[in-house]
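Chemist: Predicted model follows, preceded by the sequence.
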Amino acid sequence: MAKARIDLDRLMMAMTRARLVLKRYREERMLAVKQYAGGHYSEEAVRRGPPLNLIKLYCRVVGSKLYAHAPKVMMGTFAKQNKAAVAAMEAWVNHRLPKMHFSDTVSRIVLDALFSIGIGKVALAAPTDAAAFNGGGVRVGEPFLDRVSLDDFVFDVHARDLNQAEFIGHRYRVPLEDLRRSTLYSPERLKLAATADPLFNREGDERANVLGRTTISGSDAEEYRDHVDLWEVYLPHAKRVVTIADEDSQAAFEGYDRRRPLRDQAWVGPPTGPYHILAFNLVPDNPMPSGPVLDLIDLHEALNKNLRKLIRQSERYKAVCFVAGGADEDGNRVMKADDGDIIRVDNPDLLNQTAFGGPAPDLTQFMMVLKDLFSWAAGNLDILGGLSPQAKTATQDEMLQQNSSGQVAEMQEVTVAFVQKVVQALCWYWWYHPTGVMETQKKLPGLPDAAIQRKVYPRGATQPNGVPMPLTRDAWFEDLDIQIDPYSVQHSTPGMKLQAIMQVVQTVIVPMQPLLQQQGIYFDVNSFLDHIARYQNLPDLADIVSIAEPPQTVGAPGQSATQQEPGKPAVTERTVTRVNRSERTEQGTTQALRMGLMGQNPGGAPGASKNGGQK
């Protein structure tokens, strides 16, 4: 079947129009990124950085709840004949993901989604892709995951959903030498010349990466190697990917035929296409989402404006001592005395210390209300980040922690679903790799020190004698019905791991110990104590625990010592310790501030005002 003709001129006009529409989204994101970076990051960031960077605090706390480190993938299939191959592939994928810097890329995509939209690209690496990563673990012909910035993103803005877009693509910068050397692109590539890395988009808005660069010079000599900007656009209806030079670059190249793409190829990959979107706040009938940070930026700026005013007021604060006539000697002695000195004063009644300026109490209370509003709008940030106690007891704090986590649970589910789609796309490429062999080790049950080497070969692989390999990827990937569950995405501290081990020991191992012993499974107390020492950072624990043969006890007739149940003390004692904890909570403090703003006495009667009168 003949390829459908691509109207490149019309496509580029649609891209130009879409880039203009997306300008406002890029500008709003840029303002939020500047606040996140702060005033001490670079010359291009905000000149007056926020004294209290709530945006960065929100991203750190919520970001750690959404994605903490590289996931461990569990893969399963209902096709029994492929279970062994899928199990081997699971071990191979868990070994492969850290090597391709998967965690670093996804972390940046999650951060992008908090500000606006997170975009990941999964495809086979062309020579220019491998060169753009500069040895970052990407090889030509291998699948890779790349992050796409909103500054370099374009899609069909007429679509109601990104899944319905007629085109979607991104701009990327590649070394000119590698582009010219690759024969995958048309001869037009030889007519391209090096271009400067611009500080502004063609539509006039600043690029986010300008924050880490100087605006003094914009010459080509800034870069160590010559580079050129390219656009790669995916056309879902035609299942094709076209590569074109950036419009800014084309205007400077005499003889370049803009009606011909540098590369036009059929899409090779999963049906979902190369781009995977992470969006937390969808907007009805619009493909572009709204980032959670954009809903908090106004409270962040209002609180910091108020805080700056309080800081200025505190800088104007001064305390002076008034001296009445006839007490000049006393005033001189007070002026010359240091803090803590004991001096003689003949007329103390003629000395009066007065303070001027200082932070206004009403503004201070209002700033605390803004802080509480920000925490509430962010999903109770104080309890999510463990910044302050919220309840009277630790148990109540734990319950509040679980309820607060429920507010970010939806964002966690969206993040996990995104990771699933990305890993599934990578597995699609790895499964259909024509020459790749997945090598893993499998430990033998009952022999902890022994392992066998498992290899999963590509489709149709045979041994030298023509016999098919034992494990091959002959089945269609779509027929495997693989269930990909990326666990361990959320952060887990050593204390949390120890708590989980203790729970398993108390609820599973101890109650089932007689049954486990019948099957030859024994509880290794030495290993258990070793894990406690490591997770609690107690290296001296091994010095106070000695290893010796267990004492021999005489059990009941016909019962061995190992089958005897542990004895119970004849007398048990219980000590109840009552801990008196302060009842001051965040809610109580907020209520007191509100009463103060309304002129009421927080510690008085319900109807009493500040001056002691009644309403």
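Modeler: Structure received.
Chemist: Going by C-alpha atoms from here, please, whenever you check contacts or count neighbours.
Modeler: OK.
Chemist: For Ser42, list the residues it contacts.
Modeler: Contact analysis of Ser42 by CA atoms under 8 Å, 6 or more residues apart in numbering lists 211-212.
Chemist: for it, phi and psi?
Modeler: Ser42 adopts backbone torsions of phi -160, psi 180, taken as degrees, to the nearest 10.
Chemist: and it, how far is that from Gly358?
Modeler: Noted for Ser42: a distance of 32 Å to Gly358, by CA to CA, to the nearest Å.
Chemist: One more: Leu515?
Modeler: 72 Å.
Chemist: Comparing the two, which shows the higher neighbour count?
Modeler: Neighbours were counted for Leu515 and for Gly358 using other CA atoms under 10 Å; Gly358 has more, 16 against 12.
Chemist: Give the helix, strand or coil label for that one.
Modeler: With DSSP: H, G, I helix; E, B strand; the rest coil as the basis, Gly358 sits in coil.
Chemist: In this structure it contacts Arg316, no?
Modeler: Yes - with contact defined as CA atoms under 8 Å, Gly358 counts as touching Arg316 (6.4 Å).
Chemist: Would you point out which residue is most central in this structure?
Modeler: Gly63 (3.9 Å; CA atoms, centre = their mean).
Chemist: Now do Arg308, the pLDDT please.
Modeler: Turning to Arg308, the model gives it a pLDDT of 92.
Chemist: no wait, Asn601
Modeler: 64.
Chemist: residue boundaries of the helices in the stretch 1-150 of the chain?
Modeler: Secondary structure of the stretch 1-150 of the chain, counting by DSSP state H, counting those that start in this stretch: helices at 8-21, 23-37, 54-66, 83-99, 102-115, 127-132.
Chemist: between the ones you listed, which one is nearest to Trp431?
Modeler: Among these, helix 83-99 comes nearest to Trp431, with 8.6 Å by CA to CA.
Chemist: Contacts only, for Arg240.
Modeler: Per CA under 8 Å, 6+ apart, neighbours of Arg240: 234, 264-267.
Chemist: which residue packs closest to it, ignoring adjacent ones?
Modeler: In space, and not counting its chain neighbours, Arg240 is closest to Ala266: 4.4 Å by CA to CA, 6 or more residues apart in numbering.
Chemist: give me the beta-bridge partners of Ala319?
Modeler: Beta-bridge partners of Ala319, counted by DSSP bridges, are Ala355.
Chemist: Next up, the contacts around Leu370.
Modeler: Counting by CA under 8 Å, 6+ apart, Leu370 touches 299, 302-303.
Chemist: What subset of the residues you listed is buried?
Modeler: 299, 303 (16 or more other CA atoms under 10 Å).
Chemist: Closest one of the contacts of Leu370 to Pro289?
Modeler: Among these, Leu299 lies closest to Pro289 (CA to CA), at 20.3 Å.
Chemist: Next, work out how far apart the closest one and Ser375 are.
Modeler: 10 Å.
Chemist: send the alpha carbons of stretch 171-188 over as PDB?
Modeler: The C-alpha coordinates for stretch 171-188 follow below in PDB (Å, rounded to 0.1, in the frame of the first residue of the first chain):
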ATOM      1  CA  ARG A 171      11.900  19.800  19.400                       C
ATOM      2  CA  TYR A 172      15.300  18.500  20.300                       C
ATOM      3  CA  ARG A 173      18.800  19.600  19.800                       C
ATOM      4  CA  VAL A 174      21.500  17.300  18.300                       C
ATOM      5  CA  PRO A 175      25.100  17.600  17.400                       C
ATOM      6  CA  LEU A 176      25.400  18.700  13.800                       C
ATOM      7  CA  GLU A 177      28.300  16.400  13.000                       C
ATOM      8  CA  ASP A 178      26.300  13.300  14.100                       C
ATOM      9  CA  LEU A 179      23.300  14.400  12.000                       C
ATOM     10  CA  ARG A 180      25.400  14.800   8.900                       C
ATOM     11  CA  ARG A 181      27.100  11.500   9.400                       C
ATOM     12  CA  SER A 182      23.900   9.500   9.700                       C
ATOM     13  CA  THR A 183      22.400   8.200   6.400                       C
ATOM     14  CA  LEU A 184      19.000   7.700   8.000                       C
ATOM     15  CA  TYR A 185      18.200  11.300   7.100                       C
ATOM     16  CA  SER A 186      17.800  12.800   3.600                       C
ATOM     17  CA  PRO A 187      20.700  14.500   1.800                       C
ATOM     18  CA  GLU A 188      19.100  17.800   2.800                       C
END
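Chemist: Show the average pLDDT along that stretch.
Modeler: Rounded mean pLDDT across stretch 171-188 is 89.
Chemist: Could you do stretch 96-113 as well?
Modeler: Mean predicted confidence for stretch 96-113 is 89.
Chemist: contact partners of it?
Modeler: Contact with stretch 96-113 is made by 59, 63, 66-71, 118-120, 136-138, 144-147, 149, 278-280, 291, 415, 419, as judged by CA under 8 Å, 6+ apart.
Chemist: From those residues, list the buried ones, please.
Modeler: If we count by 16+ other CA under 10 Å, these have these buried: 59, 63, 66-71, 118-120, 138, 144-147, 149, 278-280, 291, 415, 419.
Chemist: Which of those residues fall in strands?
Modeler: Using DSSP state E, the subset of those located in strands is 118-120, 144-147, 278.
Chemist: shaky segments in the chain?
Modeler: Filtered on pLDDT under 70, the chain yields the residue ranges 1-4, 134-137, 214-221, 247-259, 385-407, 444-450, 487-494, 496, 542, 546-615.
Chemist: residue furthest from the geometric center of it?
Modeler: Gly326 (69.5 Å).
Chemist: Quick check on that one: phi, psi?
Modeler: phi 90, psi 0.
Chemist: Now do it against Val345, distance only.
Modeler: Counting by CA to CA - Gly326 and Val345 are separated by 12 Å.
Chemist: And for Leu150?
Modeler: 71 Å.
Chemist: now swap in Met512 and tell me
Modeler: Distance of Met512 to Val345, computed by CA to CA: 81 Å.
Chemist: out of the two, which sits in the more crowded spot?
Modeler: For Met512 versus Val345, neighbours defined as other CA under 10 Å are more numerous around Val345 (15 against 12).
Chemist: Show the contacting residues for that one.
Modeler: So Val345 contacts 330, 333 (CA under 8 Å, 6+ apart).
Chemist: Would you agree it falls within a helix?
Modeler: No - counting by three-state DSSP, Val345 is not found in a helix; it is coil.
Chemist: so what are the domain limits for this protein?
Modeler: Domain assignment for the chain, taken from automatic domain parsing, gives 8-46+118-278, 319-356, 494-544.
Chemist: among those domains, which is the most enclosed?
Modeler: domain 8-46+118-278 (a mean of 17; mean count of other CA atoms under 10 Å).
Chemist: show me what contacts Asp346?
Modeler: Counting by CA under 8 Å, 6+ apart, Asp346 touches 327, 330.
Chemist: Now with 10 Å, please.
Modeler: The neighbours of Asp346, taking CA atoms under 10 Å, 6 or more residues apart in numbering as the test, are 327, 329-330.
Chemist: is it true that Ala193 touches His227?
Modeler: Yes - at 8.3 Å, Ala193 counts as touching His227 under the criterion of CA atoms under 10 Å.
Chemist: what do the two both touch?
Modeler: 176-177.
Chemist: name the element Glu426 belongs to?
Modeler: Slight slip there: residue 426 is Leu, not Glu. Assigned by DSSP states H and E, Leu426 falls within helix 394-431.
Chemist: repeat for Ile244
Modeler: Judged by DSSP H and E, Ile244 forms part of strand 240-245.
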